[in-house]
Structures are given as C-alpha cells and as structure tokens.
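Participant: What follows is a predicted protein model with its sequence.
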Amino acid sequence: MTIPAYLPYFVFAGTAAAIVAILYGLHRSLVQAKWPPSDRARTFRTSAVILLGWLAVSVALGALGVYHAESTEIPTIQYSILLPIVIGALLIWRSETAKSVIAAVPQPWLVGVQLYRALGVIFLILYATGKLPSLFAWPAGIGDIAIGLLAPIVGLAYARAPRNTAGLVAAWNVFGILDLMIAVGTGFLTAPSLLVPFETQPTSELMTVLPMVMIPVYLVPLSIVLHLASLAKLRRGAVAGNGFGRAVAA
C-alpha cells in the first residue's frame, strides 16, 4: 500500500488547525464570560492537555499499527472511535465543569468551528487516484464537505436570530452525526476484516494506517463530541425557557 507523499502534511496540518481553533475559541469564550483568571487558566490547560494527550496517544498507536487489520483479523479501531465519544458524552451530561464550559462557549462558535470538516474533500481526491473505494469515499467526502461548509453559515444564522434558527442548528447537528456514522459504517464495510465476508477493490485499508487513521480515531469522535455539546447547549437553553424550546424539544 503506497501512501501519497502529500497526505501527512494534509492530515496533520488539518488536525493541528482544528485543535488550535478549538482552543482559541475556548480561551476567547472564557475571557468574554469573565471567568476568574485562575479558573480560566486551569480550564484551558486541562483542555489542552486532554486534546494534545489524546492526539499523542492516537499517533503512537497508529504508528505501532494497532488499528491496521488484515482480512483474517478482527479490527480494533472501533474501540478508539467509541471510547472518546462515550467519555465525552458522560462529561457533557454529568460533569458540572463541562456544563459550565459549554454554557460559556457561544453556540455559533460550537457550530462554526467545524468548518474543518470540509477537509473531507481528501476522500474524493483519494478516490479519484484509486486509493479509496467509492462506497466509502463519496458519502464520507460529500457529507463532510457539506457539513463543514454549512457550519459557519448555520452558526452566523443562529448568532443573528437564535429564536428562529434553533431548529436549524439542531438539524445541522443531527445530520452531522449521521454523516459521521455513515462514514464509519462504510469504512468498516470496505476495510479488510474478518467480520466482513467480502472485499472491495480498492479497500479502505488506507484509513487504518497513519496518517489517515487520525481521521476516524481522532477527528471523528472529536466532531461527534462537539455536535453533542451543541445539542446539549440547545436543550439546556430550551429547558431554561429561552424562547425556542419547541424548536428543539426532544
């Protein structure tokens, strides 16, 4: 399997840009929310350690080939996708600190920061060069591009009219999660695995090794956690009676 020379630069630069944007938005939000400097610094440091530590572990495991599976093996990548999502969901709904952070970060930023999802164009580029199967590349690529390009548009619409666009934000989040679920599902179906009785050509084996494995084991769960945080903020605003409860009622 030949890995194009440009891929490491594309994936790691995109991942770094996403992390920088998230941390910048967090710091700016805590300043605007007038958090005490000590609390603000502690929260920012903790968030940075979590994001960068998670990134380092993901890179190390990818470099060791932990996520790469042959057609006679059971894949392990699913654990690194699901575990961060479960932990993130528990923090969002159970941790008072996480709740305070979400309350401080403006909804338009929670949405708009996912502009990085437009980097999913790489799936279409790799399909065009015969590196990824159409069953995976087309839904993953088109879905990510659409969600990413819509992120700042939906975020700006909410900033201008939150009462009228809460439903739009909720729908964007739901479709964003569905897009990622479809991408992960088609990725499993097209990757070599003992669990899949057939094999496509080309396979999506490229997604199980560095640098592309960083997308499913890091950027996918990170994006889902951001979606969940946005939905939680909408829900809490509805419960608090902010005037748009019916648009996001469960």
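Facilitator: Perfect, thanks for sending it.

Participant: Pull out the buried residues from the helix or strand hosting His27.
Facilitator: Secondary structure assignment for His27, by DSSP states H and E: helix 7-32. Residues of helix 7-32 classed as buried under the neighbour-count rule (16 or more other C-beta atoms under 10 Å) are 7, 10-11, 14-15, 18-19, 21-22, 25-27, 29-30. Backbone N, C-alpha and C define where each C-beta goes, glycine included.

Participant: Then stretch 206-226?
Facilitator: Quick answer for stretch 206-226 (16+ other C-beta under 10 Å): 206-208, 210-226.

Participant: try stretch 45-54
Facilitator: Ser47, Leu51, Trp54.

Participant: Looking at that stretch now, give me its mean pLDDT.
Facilitator: Averaged over stretch 45-54, pLDDT sits at 97.

Participant: Going forward, count from 670.
Facilitator: Sure thing, new numbering starts at 670, so read that last one as stretch 714-723.

Participant: tell me how far it is from the chain's mean position?
Facilitator: For stretch 714-723, the separation from the chain centroid amounts to 16 Å (computed by C-alpha atoms, centre = their mean, to the nearest Å).

Participant: and it, C-alpha only, in PDB?
Facilitator: Output of stretch 714-723 as PDB, limited to C-alpha atoms (Å, rounded to 0.1, in the frame of the first residue of the first chain):
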ATOM      1  CA  ARG A 714      -4.600  24.000  30.500                       C
ATOM      2  CA  THR A 715      -6.800  20.900  31.200                       C
ATOM      3  CA  SER A 716      -8.500  21.100  27.800                       C
ATOM      4  CA  ALA A 717      -5.200  21.500  26.000                       C
ATOM      5  CA  VAL A 718      -3.700  18.500  27.900                       C
ATOM      6  CA  ILE A 719      -6.700  16.400  27.000                       C
ATOM      7  CA  LEU A 720      -6.700  17.300  23.300                       C
ATOM      8  CA  LEU A 721      -2.900  17.100  22.900                       C
ATOM      9  CA  GLY A 722      -2.600  14.000  25.000                       C
ATOM     10  CA  TRP A 723      -5.300  12.200  23.100                       C
END
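
Participant: Which stretches in this protein count as helices?
Facilitator: Ranges of helices within the chain are 676-701, 706-732, 746-763, 765-773, 776-781, 790-797, 803-829, 831-859, 883, 889-908, 914-917, based on DSSP state H.

Participant: sorry, back to before: reformat the buried residues of stretch 714-723 as a markdown table; add distance to Gly789.
Facilitator: Formatted as a markdown table, the buried residues of stretch 714-723 follow (distance: C-beta to C-beta, whole Å):
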| residue | distance to Gly789 |
| --- | --- |
| Ser716 | 25 |
| Leu720 | 20 |
| Trp723 | 21 |
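
Participant: What is the nearest of those residues to Val853?
Facilitator: The closest of the buried residues of stretch 714-723 to Val853 turns out to be Trp723 (C-beta to C-beta; 17.8 Å).

Participant: distance of the spatially most central residue of the chain from Leu784?
Facilitator: Nearest residue to the geometric centre of the chain (C-alpha atoms, centre = their mean): Ser892, 1.6 Å. Distance of Ser892 to Leu784, computed by C-beta to C-beta, to the nearest Å: 11 Å.

Participant: Then Val689?
Facilitator: Taken as C-beta to C-beta, the span from Val689 to Leu784 is 13 Å.

Participant: for the protein, which spans come out with low pLDDT?
Facilitator: Within the chain, the set of residues satisfying pLDDT under 70 comprises 907-919.

Participant: how about 50 then?
Facilitator: Residue ranges of the chain with pLDDT under 50: 911-919.

Participant: still on that earlier bit, tell me the most buried of the helices of the chain?
Facilitator: Of all these, helix 776-781 carries the top mean neighbour count, a mean of 22, counting by mean count of other C-beta atoms under 10 Å.
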